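Trainee: Quick one, fold the following:
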Amino acid sequence: MTGSPVEWVKDRPAQSVRTCIGCRQREPSADLLRIVTQPREAGSATAAAPVVIVPDPRRRLPGRGAWLHPVSACLRSAERRRAFGRALRVSGNLDISALEQYLENRHEHS
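Mentor: This is a model prediction of the structure:
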């Protein structure tokens, strides 16, 4: 198709594009880490119990997800901007220790 403002590319399959909640950059979802909230434990039904944010590298956990570059700079930026609560639509105390530990372990093995 000549003269068209859109170039047709048949070689590349379509990839979903997501936005990192830390740096706000748009990237293919394959380059980002999905994070989700884990339900509170049954014994701690109080409002003061923190909501646990966990990594979902297989992208299979249920619930609303958010996307983050798997680097500590984006994690700190998202934490500073309070982006976790807005992106995941949760409020209250947020526990990101599982996410921090995952990123540390991932960095050690690279």
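
Trainee: host element of the nearest residue to Leu32 once chain neighbours are set aside?
Mentor: Of all residues not flanking Leu32 in the chain, Trp67 sits nearest, at 4.2 Å (Cβ to Cβ, 6 or more residues apart in numbering). Heads up, the C-betas are built off the backbone N, CA and C, glycines and all. Secondary structure from DSSP states H and E places Trp67 in strand 65-68.

Trainee: my guess is the residue nearest to Leu32 meets Pro28, correct?
Mentor: No. At 10.4 Å, Trp67 does not count as touching Pro28 under the criterion of Cβ atoms under 8 Å.

Trainee: what's the overlap in contacts for these two?
Mentor: Arg18 (Cβ atoms under 8 Å, 6 or more residues apart in numbering).

Trainee: partner residues bridging the residue nearest to the spatial centre of the chain?
Mentor: Per Cα atoms, centre = their mean, the C-alpha nearest to the average position across the chain is that of Trp67, at 2.5 Å. Assessed by DSSP bridges, Trp67 has beta-bridge partners Cys20, Arg34.

Trainee: Helices along this protein, start to end?
Mentor: 72-80, 83-88, 97-108 (DSSP state H).

Trainee: CA-only coordinates of the last one in PDB, if you can.
Mentor: So the one you mean is helix 97-108. The C-alpha coordinates for helix 97-108 follow below in PDB (Å, rounded to 0.1, in the frame of the first residue of the first chain):
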ATOM      1  CA  SER A  97       8.300  -5.900  51.200                       C
ATOM      2  CA  ALA A  98       7.500  -8.900  49.000                       C
ATOM      3  CA  LEU A  99       8.000  -6.800  45.900                       C
ATOM      4  CA  GLU A 100      11.300  -5.400  47.200                       C
ATOM      5  CA  GLN A 101      12.600  -8.800  48.000                       C
ATOM      6  CA  TYR A 102      11.600 -10.100  44.600                       C
ATOM      7  CA  LEU A 103      13.500  -7.300  42.800                       C
ATOM      8  CA  GLU A 104      16.600  -7.800  45.100                       C
ATOM      9  CA  ASN A 105      16.700 -11.500  44.300                       C
ATOM     10  CA  ARG A 106      16.100 -10.900  40.600                       C
ATOM     11  CA  HIS A 107      19.000  -8.400  40.500                       C
ATOM     12  CA  GLU A 108      21.400 -10.900  42.300                       C
END
